[in-house]
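Asks: whatever this is, show me its structure:
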Amino acid sequence: MVDVGKRIKSIRKRKGLTLQDLSGKSGMSATAISAIERNVSSPTVNTLASIGKALGESLSTLLGESEVLYIVTRAASREQVASDVRNAEFQSLGSGIPGQQFRPMMCTLKSGSSSGDDYLNHSGDDFIHVLQGVLQIEMNGDSLWLEEGDSLYCRANIPYRWKNGGNGETRLLVVASS
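Replies: Now for the predicted structure:
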């Protein structure tokens, strides 16, 4: 069990802050902070968030959880991303960070593969970069052809659909925001 009060006091002292300093930064009284540090009082989540912000630390750090700061994804160990699209392979290029803001993927599309007749639409922005091949995208009544080296950034909630418009494989770097 993590001693939150002891942890707060340790971080405060390591940063050279007095109870009064932390009080001024957090908007809480020095007496209330002292009571938390001595485990006389149990802080609410909002109180911990205020103290964490004043200390420049995350809530996870105050609770003693190790925070994931980065993920390395080796080419040989990429995870497959589930998809209903036939003749297409999606691989995750980075996942596992809590609260992740975007999902980077490598997509390999066989000749003729497409997202289907329905338009794709989700609440996050999308970024598509063509690494190899040709990609046709239909959006807002326009037909866009992207070739090797071309990119498309698409705002949230704009329906679109795509297909591999070439004779060979098309490889894409896709970054979708959550």
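
Asks: for Pro159, give me its contacts.
Replies: Residues in contact with Pro159 (Cβ atoms under 8 Å, 6 or more residues apart in numbering) are Tyr119, Leu120, Asn121, Met139. All C-beta atoms are positioned from the backbone trio N, CA, C, and that covers glycine.

Asks: per-residue confidence for it?
Replies: You'll see Pro159 listed with a pLDDT of 92.

Asks: work out which residue lies at the spatial centre of the protein.
Replies: A centroid search over the chain (Cα atoms, centre = their mean) returns Gln100, at 2.0 Å, as the residue closest to the centre.

Asks: surely it forms part of a helix?
Replies: No: read with DSSP: H, G, I helix; E, B strand; the rest coil, Gln100 is coil and lies in no helix.

Asks: that one is in contact with Ala176, isn't it?
Replies: No: using Cβ atoms under 8 Å, Gln100 is not in contact with Ala176, being 10.8 Å away.

Asks: is the residue sitting furthest away from the middle of the chain in a helix, a strand, or coil?
Replies: In the chain, Thr31 marks the outermost C-alpha relative to the chain mean, sitting 37.8 Å out by Cα atoms, centre = their mean. What three-state DSSP gives for Thr31 is helix.

Asks: mind listing what Asp126 touches?
Replies: Neighbouring residues of Asp126 by Cβ under 8 Å, 6+ apart: Leu152, Tyr153, Cys154, Val174, Val175, Ala176, Ser177.

Asks: could you rerun that using 10 Å?
Replies: Counting by Cβ atoms under 10 Å, 6 or more residues apart in numbering, Asp126 touches 102-103, 120, 152-156, 158, 160, 174-177.

Asks: need those in JSON lines with distance to Ile71, secondary structure and neighbour count, can you?
Replies: Compiled in JSON lines, the contacts of Asp126 are given as follows (distance: Cβ to Cβ, whole Å; DSSP: H, G, I helix; E, B strand; the rest coil; neighbours: other Cβ atoms under 10 Å):
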{"residue": "Phe102", "distance to Ile71": "13", "secondary structure": "strand", "neighbour count": "14"}
{"residue": "Arg103", "distance to Ile71": "12", "secondary structure": "strand", "neighbour count": "18"}
{"residue": "Leu120", "distance to Ile71": "26", "secondary structure": "strand", "neighbour count": "15"}
{"residue": "Leu152", "distance to Ile71": "25", "secondary structure": "strand", "neighbour count": "18"}
{"residue": "Tyr153", "distance to Ile71": "23", "secondary structure": "strand", "neighbour count": "10"}
{"residue": "Cys154", "distance to Ile71": "25", "secondary structure": "strand", "neighbour count": "18"}
{"residue": "Arg155", "distance to Ile71": "26", "secondary structure": "coil", "neighbour count": "8"}
{"residue": "Ala156", "distance to Ile71": "24", "secondary structure": "coil", "neighbour count": "11"}
{"residue": "Ile158", "distance to Ile71": "29", "secondary structure": "coil", "neighbour count": "14"}
{"residue": "Tyr160", "distance to Ile71": "28", "secondary structure": "strand", "neighbour count": "18"}
{"residue": "Val174", "distance to Ile71": "17", "secondary structure": "strand", "neighbour count": "17"}
{"residue": "Val175", "distance to Ile71": "15", "secondary structure": "strand", "neighbour count": "17"}
{"residue": "Ala176", "distance to Ile71": "16", "secondary structure": "strand", "neighbour count": "16"}
{"residue": "Ser177", "distance to Ile71": "17", "secondary structure": "strand", "neighbour count": "14"}
